Structures are given as structure tokens and as C-alpha cells.
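**Q** Kindly generate the corresponding structure for this input.
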Amino acid sequence: VDAVFTPTDNTIMTAELSIYEKFIDAGIPHYTGADSFALNGAFAGYGVDYANLGAKTADMVADILLNGADPATTPVETFDNGTATVNTETCEALGLDFETVKAAMEPLCTQVNEIVTADLDIHRIRAERRRMTTYPTTQEEYEWTEFELKTEETKLERTFAQTPFVPQNKNDRERRCEEILSIQALGLKKRLVHTNCKSLVVGISGGLDSTLALLVAARACDMAGIGRDHILSVTMPCFGTTDRTYQNACELTRRLGATLKEVDIRKSVTCHFEDIGQDINCHDVTYENGQARERTQVLMDLANKSGGMVIGTGDMSELALGWATYNGDHMSMYGVNASVPKTLVRHLVRYCADTCEDRRLGEVLYDILDTPVSPELLPPEDGKISQKTEDLVGPYELHDFFLYYVLRFGYAPGKIYRIAGKSFAGVYDDETILKWLKKFYWRFFAQQFKRSCLPDGPKVGSVAVSPRGDLRMPSDACVRLWQIELEKL
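**A** Sure, this is the predicted structure:
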């Protein structure tokens, strides 16, 4: 079969939405007798030129009414050609060039029209209107037209990037990384000068987040015109620290020119466990959080001692999931990474590694990038990290995807599940996506109490979780309505 032609038929025209993909898959152009078919996906519709028909009909009526012409003797007129309407997306899917098709049809038509279709995201438009409160609205300026639209499942043509926080183009990504690093550093510089701090205290673990915080602190010192030795980089090894992360933390500090201080907290944590009756062999939440809070106490006291402030290292993805110890790593005096999602943290560190002039510093940064994400609160196994964050809370690339569309456009769970399935097809199956989407909503709502008392930090993009502007959400907000929808998926 080279082609299929269908004359004007309302039943088939309505069903075109269901069959046009079959024609495309078979490589068969579907020619039809009306443009409405092309609107529904057919390759082309060829029919009457209704504008010409209307003009000729009006001329006949005028001749009868105004000139007294006899309708019985008025000659019948026919048209030799009509109009063609080509669906350009179907044309492309069939491997045909529109300009070639148009040139072939033009001698047979009064005109060749083209149809371009697109997904219209009503929820996204509505979310933008809510967000842009300065948009003027006056009821008198609108003309209201009521209509009915059949709700049905259609093919989603729009694409959604797997990493919405990260530009896909390399040049755009590098430019964005430089801009974000500058925003972070300028924000920290302003707070440093404003408070007349004498030092910046950073807890350095050898992981991605603390690495980025230290890089930003170094930039801020350069901008403020003070020496990097005013940065007190504190490594606090404990039960879960591995040699790899410890060595990277120390070498990173040395290469950046900061002041390195080591405070081994094993003894103080062990003593604290004895005080509260915690079995040191019971690796529960108290075992883990006790280490995190001890580290924060050390940093705060060192900041007091040096006339400085503690720089928070936690990122926005961790804050969204509540993956932080309350009043532990959750707390600081200025959180430079508070609006930077985990997927973007990785690119920022890589950008610094790619552009730094110190070869050894670049090597350290690349090794940190290759290190599994972990809080290192549980003892290592054979000297290697035993506690991997993404095994517990899920892949950050999925959670950042969910977070973006929840906060930026207010999408419902069903919509996010659908677009995530399209974006991550071949990477995660639907069951895995749904599992982590449920986990995301549960943690996002249950952990709001941690975000309600976040320290200050710079906003670097369109999405943030600050309780002072971006996310005014009650700590006891109920997740039930979202869970009901999730259970139906």
C-alpha cells in the first residue's frame, strides 16, 4: 500500500487520533478530504476552499436579490481546485520534506496550509500566573467563551530533561556554574563584612557538599580581600570516617590555602554515649545523630573562639528530604548551599576541577566526585564506605526531578509520575519511579519542621526551600491528599 485516501467522514475523522500513528508506523501517508483530519494527525487534508466558496455564493445571492436574476437559470459553478492542509509533524515522521510536498501540491490548490501541533500545559500556565503576582488582571478585558473538551489520553510530545536544574548545553552549563558560584560567594562576602567576622568555620568531610562550601568560602575571602587562612577548615573523624575522605579533606584544605584543624570526636562521642546510656554497638539513629550534633557543637564553639561564623554545607536536596540531623548538620550561621540541589552541586565541583590551574587540586576534586555520597556515620567495611545515601533515600536525580516540578510548577503526583516515566525511560522502570516518588512526598511533608527554622543562605535559582519567602509551608501540613492520588497510580 503506497497511500490511503479517506473522503470526508465524521466518524473516521474523530477516530483519526487513534489511527494516525498506525499509518506513521507503517510509513503510509493518509490523504483525506478535509483539513480536520490533518488537525487530528493525518498526513494531509484536501478539500473545498471554503473562503472561495463563500465569496462565490455571496456573489450569486447578491445577483438574485439585487439584480433580479432568476435562480432557476443561474448557472452552476464548480471549482477545479481546493486547499490542502499538511500536518508538518506527521510529514516529518514519514520522512518527507514539507517544502517538497508543498511544491508538488501547489499547482493543484489555491493554497497549501501547514499545521503545527504542540502540548499546552494548562497547569504550568496557571502556576506561573499564581507565582507572578504583579500580572494585571481585569475581568473587563477578557471575552469569555464556554466550550466542552473531551478528556482523553494523548501522546505526550513535549520532552522533559532528566536534570531540570542543570543546563544541557555545555557552554550554558559552564556559564551557569560560574554565575552560581559568584552568587554564593558574594552572599557570603556580604554576611562576612556585615557581621565583621574574623573567620569562616567550615566542617570538611571530603564529600561533595562540604567541598563546595569550602570552594565558595575561598572565593568569598578573595572577593573581600582577606587571606584564605581566615578559613578554619575543620575535619572531625569519627567511627565512620574512611581514609579516602579524610585524606581528600586534608589535601583540599591545603591546596586552597585554608587553615586546617583536626578534632577527633571519637572520645567525646563515646563519653556522651556513656552519659546517656547509649550502647556504642547499637548503630541506631542515636548513634548516627550523636556524631552529627557533636560535630556541630565543635564548629559552633570554634567559631565563638575565633570570632567567626559556621558555614553550613547542606544542599537543597537534603533539606527537601529532611536528610539532615536536626540541630546537627542542619544548623549553621549561613548556609551557602541551601538552594543548590545535589545534581547541581556535582556540576559546580566538576566545573571548579575543570577550570582550576592547580593540577593537584583538580585531582583531589575529581576523586571527591568519584566518592559515593555518604554521611559516614556507620563504621566502614574493609576500609570502604558502608553507608550510601542513595541506597537509603533513593537516587538524587529522581528526587531533584520531583522537587523541581513540585515547587516550580506545583504539579500533582500523577503528572510528575507520567513525565518522569517519559524522561527516565530505559533508566528506571515505572515501579521504581513510583516507589521513590512515594518516598519523596512522605519525607517532604514529614520533614518540613527542619526547613521551618533554616539559617539564612543565598538563592541561586528559581526554586528554593527558604521559610522566609519561597516555601511558606506549615510544619504539620498533611500529605494525605497527595498519598491518595499516589495510591491510584
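**Q** Counting by contacts, list what the top helix by length along the chain packs against.
**A** Of all the segments of type helix in the chain, defined by DSSP state H, the longest one is helix 170-194. When contacts are defined as 3 or more CB pairs under 8 Å, 6 or more residues apart in numbering; DSSP states H and E, helix 170-194 sits against helix 208-224, strand 308-312, strand 334-335, helix 342-355. In this view, the C-beta of every residue, glycine as well, is placed from N, C-alpha and C.
**Q** Save the ones you listed as JSON lines, and put in mean pLDDT, distance to Glu262 and mean neighbour count too.
**A** Rendered in JSON lines, the data for these read as follows (pLDDT from 0 to 100; distance: least, CB to CB, whole Å; neighbours: other CB atoms under 10 Å):
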{"stretch": "helix 208-224", "mean pLDDT": "97", "distance to Glu262": "14", "mean neighbour count": "23"}
{"stretch": "strand 308-312", "mean pLDDT": "97", "distance to Glu262": "17", "mean neighbour count": "26"}
{"stretch": "strand 334-335", "mean pLDDT": "97", "distance to Glu262": "23", "mean neighbour count": "24"}
{"stretch": "helix 342-355", "mean pLDDT": "97", "distance to Glu262": "23", "mean neighbour count": "20"}
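**Q** and of those, who's closest to Lys488?
**A** Among these, helix 342-355 comes nearest to Lys488, with 28.8 Å by CB to CB.
**Q** give me the number of residues near the closest residue to Gly314 other than its chain neighbours?
**A** Spatial nearest neighbour of Gly314, excluding adjacent residues (CB to CB, 6 or more residues apart in numbering): Ala324 at 5.3 Å. By other CB atoms under 10 Å, the residues close to Ala324 number 23.
**Q** coming back round to it: run me through the strand neighbours of the helix or strand following the longest helix of the chain, direction for each.
**A** Once the chain leaves helix 170-194, the next helix or strand it forms, by DSSP states H and E, is strand 199-203. Strand 199-203 sits in its sheet next to strand 231-235 (parallel), strand 308-312 (parallel), going by DSSP bridges.
**Q** Go ahead and measure how far the following helix or strand past the last one is from the middle of the chain.
**A** Of the helices and strands lying after strand 308-312 in sequence (DSSP H and E), the nearest is helix 316-321. For helix 316-321, the gap between its own C-alpha mean and the chain's C-alpha mean amounts to 13 Å (CA atoms, centre = their mean, to the nearest Å).
**Q** Make 491 the starting number, not 1.
**A** Yes, from this point I'll number from 491; that puts the last item at helix 806-811.
**Q** Need the residues that contact helix 806-811.
**A** Residues from elsewhere that reach helix 806-811 (CB atoms under 8 Å, 6 or more residues apart in numbering): 699, 813-814, 827-833, 883, 886, 889-890, 893, 930, 933-934, 937, 940-941, 944, 953-955.
**Q** can you check stretch 605-623 too?
**A** By CB under 8 Å, 6+ apart, stretch 605-623 touches 525, 528-529, 575-579, 625, 646-648, 898-902, 905.
**Q** let's go with 6 Å and repeat that
**A** 528, 577-579, 647-648, 899-900 (CB atoms under 6 Å, 6 or more residues apart in numbering).
**Q** Could you do stretch 526-537 as well?
**A** So stretch 526-537 is contacted by 503, 506-507, 510, 519-525, 572, 574-577, 580, 605 (CB under 6 Å, 6+ apart).
**Q** Repeat that for stretch 775-789.
**A** So stretch 775-789 is contacted by 691, 693, 726, 728, 753, 755, 758-759, 768, 800, 815, 818-819, 821, 867 (CB under 6 Å, 6+ apart).
**Q** what's the answer for stretch 540-557, then?
**A** Contacts for stretch 540-557 (CB under 6 Å, 6+ apart): 559, 561.
**Q** Return the per-residue confidence for the closest residue to Glu752 other than its chain neighbours.
**A** Of all residues not flanking Glu752 in the chain, Thr725 sits nearest, at 5.2 Å (CB to CB, 6+ apart). Note for Thr725: predicted pLDDT of 98.
**Q** residues in contact with Thr725?
**A** Thr725 touches 694, 739, 752, counting by CB under 6 Å, 6+ apart.
**Q** Determine which residue lies closest to the centroid of the chain.
**A** Pro654 (3.2 Å; CA atoms, centre = their mean).
**Q** Kindly confirm my reading that it is in a helix.
**A** No: going by DSSP: H, G, I helix; E, B strand; the rest coil, the assignment for Pro654 is coil, not a helix.
**Q** Hmm, it is touching Tyr895, no?
**A** No: counting by CB atoms under 6 Å, Pro654 sits too far from Tyr895 to count as a contact (7.4 Å).
**Q** circling back: and the strands paired with strand 689-693 as TSV, adding distance to Leu792?
**A** Shown next, in TSV, are those (distance: least, CB to CB, whole Å):
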stretch	distance to Leu792
strand 721-725	6
strand 798-802	8
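**Q** From Phe930, how far out is Tyr918?
**A** Distance, Tyr918 to Phe930, using CB to CB, to the nearest Å: 13 Å.
**Q** For the two, indicate the residue with more neighbours.
**A** Each of Tyr918 and Phe930 has its neighbours counted (other CB under 10 Å); Phe930 has more, 25 against 19.
**Q** so how far is Ala936 from that one?
**A** 11 Å.
**Q** do Met963 as well
**A** Applying CB to CB, the value for Met963 to Ala936 is 12 Å.
**Q** Now do the strands in the protein.
**A** Assigned by DSSP state E, the strands in the chain fall at 494-496, 520-522, 534-537, 572-577, 599-605, 689-693, 721-725, 749-752, 798-802, 824-825.
**Q** Poorly predicted segments of this protein, please.
**A** 625-629 (pLDDT under 70).
**Q** try 80 this time
**A** Filtered on pLDDT under 80, the chain yields the residue ranges 500, 502-504, 507, 539-540, 569-571, 606-608, 622-632, 639-645, 959.
**Q** residues contacting Lys912?
**A** With CB under 6 Å, 6+ apart, Lys912 has these contacts: Leu646.
**Q** thinking again about what came up before, ok, of the contacts of stretch 526-537, which come out buried?
**A** In the contacts of stretch 526-537, burial by neighbour count holds for 503, 506, 510, 519-525, 572, 574-577, 580, 605, counting by 16 or more other CB atoms under 10 Å.
**Q** Any chance of a markdown table for the contacts of Thr725, columns distance to Leu682 and neighbour count?
**A** Below are those laid out as a markdown table (distance: CB to CB, whole Å; neighbours: other CB atoms under 10 Å):
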| residue | distance to Leu682 | neighbour count |
| --- | --- | --- |
| Ile694 | 18 | 27 |
| Ala739 | 22 | 28 |
| Glu752 | 24 | 12 |
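**Q** which one of those sits closest to Leu838?
**A** Ile694 (16.2 Å).
**Q** correct me, but the closest one touches Ala739?
**A** Yes: the pair Ile694 / Ala739 is scored as a contact, 4.5 Å apart, by CB under 6 Å.
**Q** Reformat the strands of the chain as JSON lines; add distance to Lys978.
**A** Shown next, in JSON lines, are the strands of the chain (distance: least, CB to CB, whole Å):
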{"stretch": "strand 494-496", "distance to Lys978": "38"}
{"stretch": "strand 520-522", "distance to Lys978": "36"}
{"stretch": "strand 534-537", "distance to Lys978": "39"}
{"stretch": "strand 572-577", "distance to Lys978": "34"}
{"stretch": "strand 599-605", "distance to Lys978": "35"}
{"stretch": "strand 689-693", "distance to Lys978": "44"}
{"stretch": "strand 721-725", "distance to Lys978": "49"}
{"stretch": "strand 749-752", "distance to Lys978": "53"}
{"stretch": "strand 798-802", "distance to Lys978": "39"}
{"stretch": "strand 824-825", "distance to Lys978": "37"}
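**Q** Understood, closing this out.
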